[in-house]
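Colleague: sequence and predicted model, in that order:
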Amino acid sequence: MSEFICQGCGVKIQTDQPDQPGYAPASALEREDIICKRCFRLKNYNEVQDVPYNDDDFLRMLNSIGSTKSLIVNLIDLFDFNGSVISGLARLTGNNPIILVGNKLDVLPKSINPKKVEQWLRRTAKEYGLQVKDVFLISAAKGHGMEQLSEAIERYRQGRDVYVVGTTNVGKSTFINRLINETSGVKDAITTSYFPGTTLGFIDIPLDDQSSMFDTPGVINRHQMAHYVSEQDLKLITPKKEIKPKVFQLNEEQTLFFGGLARLDFEQGERTSFICHFSNDINIHRTKLEKADELYANHLGELLSPPDEESLDKMPPLKQHTFRISEDKTDIVFSGLGWVTVPEGSISVSAYAPEGVKVSVRESLI
Ligand code: GDP
């Protein structure tokens, strides 16, 4: 078969795998302007469809930004810092300046200090070697902080193109739709404006006669819980409004289950409080450590839910991570699911999450 290229996004056309990039039905090859299924849906149904690019495709696509002169806007999910940092971004985007944007500020509880969040973002960026021009905290869904941010983008870009990058589920579509809506008054522009001919596979939104804003495909970070649960469960575990922390006073040898998606064993230490920050839709269940395995074996997907049936099919088994916590005010973080703040140190815990999902500890944000 001779090689066909999608006239919308430039991806190579294939006719075998409908759920992969570049798919078009064989009958489409007869037409003059062949476009892939993703572009077809965007054009005809105003619907952005996520196709699973593999890691190489992503790297290639992002790498092409390195050879442009542009401003990078990197969205981070404030509910899932660790899961939404793109490692290697500095290398991929060349020397282009970066604005870091922490999204979903509205879900953080009032007890969290925004200054600390901002400092954390700057520090993390430094660790990853990113040249950060500025940091903003916003809520794309509520519109908080958007005006200040769009002014800053206009100021920093100095007439250049803007690339918006982020891992999946950080709120990139919500962000771009709002930005366009606020500057142009067009509703849901990202799904209604379609500008064929970009060779990079990015969605192109004109800013003025010379320059554009590009929406890049969401980078997959395999440490994120999002990739191991059903769409239905993803909705449940992604907080939609301010998280109400739930406090448990635990003795050693007690266990908390977060639905059936994660588990925390308090193995050793004085009685202390565990402040849980999870979507309000996740049930937290307390039990004795000695009964935990049995409870999990018998009640996963029922008493301990989510996971729903579909998630159960795709979810790897839970993996144990053991931590000795010596510092006061520490967070135990389940990437993309939530975190538990331990106000007092000198304890030992084991945290469980599906294998592949990152579990880590950090200085608390309170
Ligand atoms: P994308 O995959 O990066 O394009 O992310 P989406 O724009 O589809 O958003 C992912 C999820 O996060 C959706 O459930 C959104 O409703 C939600 N979301 C996006 N922005 C915000 C925000 O500022 N606050 C809250 N609470 N939720 C948000």
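Modeller: Perfect, thanks for sending it.
Colleague: so residue 352: helix, strand or coil?
Modeller: Secondary structure state of residue 352, per DSSP: H, G, I helix; E, B strand; the rest coil, is strand.
Colleague: quick one: pLDDT of it?
Modeller: The per-residue pLDDT reported for residue 352 equals 98.
Colleague: ok, it - contacts?
Modeller: Residues near residue 352 by Cβ atoms under 8 Å, 6 or more residues apart in numbering: 262, 263, 264, 265, 318, 319, 320, 321, 359. Just so you know, the C-beta spots here come from the backbone N, C-alpha and C atoms, and that holds for glycine as well.
Colleague: equivalent analysis for residue 339, please.
Modeller: Neighbour list for residue 339: 277, 331, 332, 333 [criterion: Cβ under 8 Å, 6+ apart].
Colleague: I'd like to know how many residues surround residue 259.
Modeller: Counted by other Cβ atoms under 10 Å, the residues lying close to residue 259 total 27.
Colleague: leaving out sequence neighbours, find the closest residue to it.
Modeller: Spatially, and ignoring its direct neighbours in sequence, residue 259 is nearest to residue 306 (4.6 Å; Cβ to Cβ, 6 or more residues apart in numbering).
Colleague: and that neighbour, what does it touch?
Modeller: Contacts for residue 306 (Cβ under 8 Å, 6+ apart) come out as 229, 233, 236, 237, 259, 260, 261, 282.
Colleague: which stretch of helix or strand covers it?
Modeller: For residue 306, there is no helix or strand it lies in under DSSP states H and E.
Colleague: got the residues of the chain near the ligand?
Modeller: Applying Cβ under 6 Å from any ligand atom, we find that the chain lies next to the ligand at 103-104, 106-107, 139-141, 166, 168-174, 218, 238, 240.
Colleague: again, only using 5 Å
Modeller: Applying Cβ under 5 Å from any ligand atom, we find that the chain lies next to the ligand at 104, 106-107, 139-141, 168-174, 218.
Colleague: end-to-end on stretch 218-234?
Modeller: 16 Å (Cα to Cα, to the nearest Å).
Colleague: all further residue positions should be reported with the first residue as 771.
Modeller: Yep, numbering from 771; the last one is stretch 988-1004 now.
Colleague: buried set for that stretch?
Modeller: Buried residues in stretch 988-1004, counted by 16 or more other Cβ atoms under 10 Å: 988-991, 993-1000, 1003-1004.
Colleague: and for stretch 1116-1128?
Modeller: Judged by neighbour count using 16+ other Cβ under 10 Å, the buried positions of stretch 1116-1128 are 1117, 1119, 1120, 1121, 1122, 1123, 1124, 1127, 1128.
Colleague: residues near the nearest residue to residue 882 once chain neighbours are set aside, how many?
Modeller: Take residue 882 and drop its neighbours on the chain: the residue closest to it by Cβ to Cβ, 6+ apart is residue 1135, 4.9 Å away. By the measure other Cβ under 10 Å, the count of residues near residue 1135 is 22.
Colleague: OK, contacts around residue 1135?
Modeller: So residue 1135 contacts 878, 882, 883, 886, 887, 890, 1101 (Cβ under 8 Å, 6+ apart).
Colleague: can you say which of those residues are buried?
Modeller: Counted by 16+ other Cβ under 10 Å, the contacts of residue 1135 give 878, 882, 887, 890, 1101 as buried.
Colleague: among the residues you listed, which lie within strands?
Modeller: Of the buried ones among the contacts of residue 1135, the ones assigned to strands by DSSP state E are residue 1101.
Colleague: mind putting the buried ones among the contacts of residue 1135 into JSON lines with pLDDT?
Modeller: Shown next, in JSON lines, are the buried ones among the contacts of residue 1135 (pLDDT from 0 to 100):
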{"residue": "878", "pLDDT": "94"}
{"residue": "882", "pLDDT": "87"}
{"residue": "887", "pLDDT": "91"}
{"residue": "890", "pLDDT": "87"}
{"residue": "1101", "pLDDT": "94"}
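Colleague: returning to what we had before: from the buried residues of stretch 1116-1128, which two are the most distant?
Modeller: 1117 and 1124 (23.9 Å; Cβ to Cβ).
Colleague: look up the closest residue to the residue in the stretch 1021-1136 of the chain positioned nearest to the ligand, ignoring the ones flanking it.
Modeller: Closest residue of the stretch 1021-1136 of the chain to the ligand, Cβ to the nearest ligand atom: residue 1049 (9.9 Å). In this structure, residue 1049 finds its nearest non-sequential neighbour in residue 1009, 4.2 Å apart by Cβ to Cβ, 6+ apart.
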